[in-house]
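# coords please:
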Amino acid sequence: MRKLTLTLSAAALALGAASIAYAAHHGGKHDGADANGDGIVTLAETKAHSAAMFARMDANGDGVINAEDRAAHHAERFAELDANSDGEVSQEEMQAAREARKERMQERGADRHAAMFARADADGNGTLSEAEMRAAHEARQSMRHGRMGEHGGERGGKGDHDGKMMRGHGRGGGMAMLRQADTDGDKSVTRAEFDAAVEARFKQADSDGSGTITAEERAAAHTAMKERMQQRRDGK
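Below you'll find the model as predicted:
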């Protein structure tokens, strides 16, 4: 079957995942790649997380992410909105979908808070001592300073916007990943190409070759990526 050309938005959908697969935090939020929540991402965690993401994106299960999958995902999202299956989405159905999405976000927020508490509770006794709270606060401060460095500015400023672009949330990040993963240039991404791109990104971030990526290495990788994107924008 002829592979169809990925559109720009499809590229962001398909390959933004590869960019975030090695990043354990998005603006400080816990990400599924860090399976045990220790703040360090291993290659095994990255591979497991990216495999699950590829399976979700490969809607028709043919082992290739392309425009057919994008169309299937659009149809699936429309069906979810169209609660009464009449082929149209009413304002009430849109509102219901927004409320459901809000509830899911609140649930995820609660899960993140529970995970943060568990990490801070060093002795596992279900309560936090003053020393544990101080240690958790210092760890958060360290992470925050690292994110400010990788964003190149204060939160909410231009640096934060660039940081989101680098993590694959922007179209530039998706296209950069597309160019790296699509090694045969056919504008589609196979599982082998996807896995190779994820592993290459991981090794690129794992500066000491330890097989794990720390918060410091994530900050350095984001800074380097930002510089490369700026050079491309400047035509260098």
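
# Tell me which stretches of the protein form strands.
Secondary structure of the chain by DSSP state E: the strands cover 25-26, 29-30, 41-42, 64-65, 189-190, 212-213.

# what helices or strands is the fifth one leaning on?
Counting contacts by 3 or more Cβ pairs under 8 Å, 6 or more residues apart in numbering; DSSP states H and E, strand 189-190 is packed against strand 64-65. Yep, even glycine has a C-beta here, placed from its N, CA and C like the rest.

# Below-threshold pLDDT in this structure: ranges please.
1-32, 142-179, 236 (pLDDT under 70).

# Residue 84: how many residues sit nearby?
10 (other Cβ atoms under 10 Å).

# Over to residue 181?
Neighbours around residue 181, by other Cβ under 10 Å: 24.

# One more: the one 10 residues further on?
The local packing of residue 191 (other Cβ under 10 Å) involves 16 other residues.

# Same question for residue 63.
Neighbours of residue 63 (other Cβ under 10 Å): 12.

# Name all residues that make contact with it.
By Cβ atoms under 8 Å, 6 or more residues apart in numbering, residue 63 lies in contact with 190-191.

# Please tell me how far it sits from residue 113.
Per Cβ to Cβ, to the nearest Å, residue 63 is found 38 Å from residue 113.

# ditto for residue 38
Counting by Cβ to Cβ, the gap from residue 38 to residue 113 is 17 Å.

# How about residue 122?
In terms of Cβ to Cβ, residue 122 sits 17 Å off from residue 113.

# same deal with residue 94?
For residue 94, the distance to residue 113 (Cβ to Cβ) stands at 29 Å.

# likewise residue 98?
23 Å.

# And residue 132, by the same measure?
Counting by Cβ to Cβ, the gap from residue 132 to residue 113 is 15 Å.

# same check, this time on residue 68
In terms of Cβ to Cβ, residue 68 sits 39 Å off from residue 113.

# So for the two, which sits in the more crowded spot?
It is residue 68, of residue 68 and residue 113, that has more neighbours when counted by other Cβ under 10 Å, with 18 against 11.

# doesn't residue 58 make contact with the more buried one?
No - counting by Cβ atoms under 8 Å, residue 68 sits too far from residue 58 to count as a contact (9.7 Å).

# From the contact counts, what lies against the longest helix seen in the chain?
Secondary structure of the chain per DSSP state H: the longest helix is helix 91-120. In this structure, helix 91-120 makes packing contacts with strand 29-30, helix 67-81, helix 130-151, judged by 3+ Cβ pairs under 8 Å, 6+ apart.

# How many residues are close by residue 73?
Around residue 73 there are 15 residues (other Cβ under 10 Å).

# distance of the residue nearest to residue 190 when sequence neighbours are not counted from residue 123?
Using Cβ to Cβ, 6 or more residues apart in numbering and skipping the chain neighbours, the partner closest in space to residue 190 is residue 64 (5.3 Å). Taking Cβ to Cβ as the measure, residue 64 falls 49 Å from residue 123.

# Mind checking which of the two has more residues around it?
Under the criterion of other Cβ under 10 Å, the comparison of residue 64 against residue 123 puts residue 64 first, with 20 against 10.

# what's near enough to touch that one?
3, 58, 188-191.

# again, 7 Å this time
Listed by Cβ atoms under 7 Å, 6 or more residues apart in numbering, the contact set of residue 64 reads 3, 58, 188-190.

# Now render these as a markdown table, adding distance to residue 44.
Shown next, in a markdown table, are those (distance: Cβ to Cβ, whole Å):
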| residue | distance to residue 44 |
| --- | --- |
| 3 | 30 |
| 58 | 21 |
| 188 | 27 |
| 189 | 22 |
| 190 | 22 |
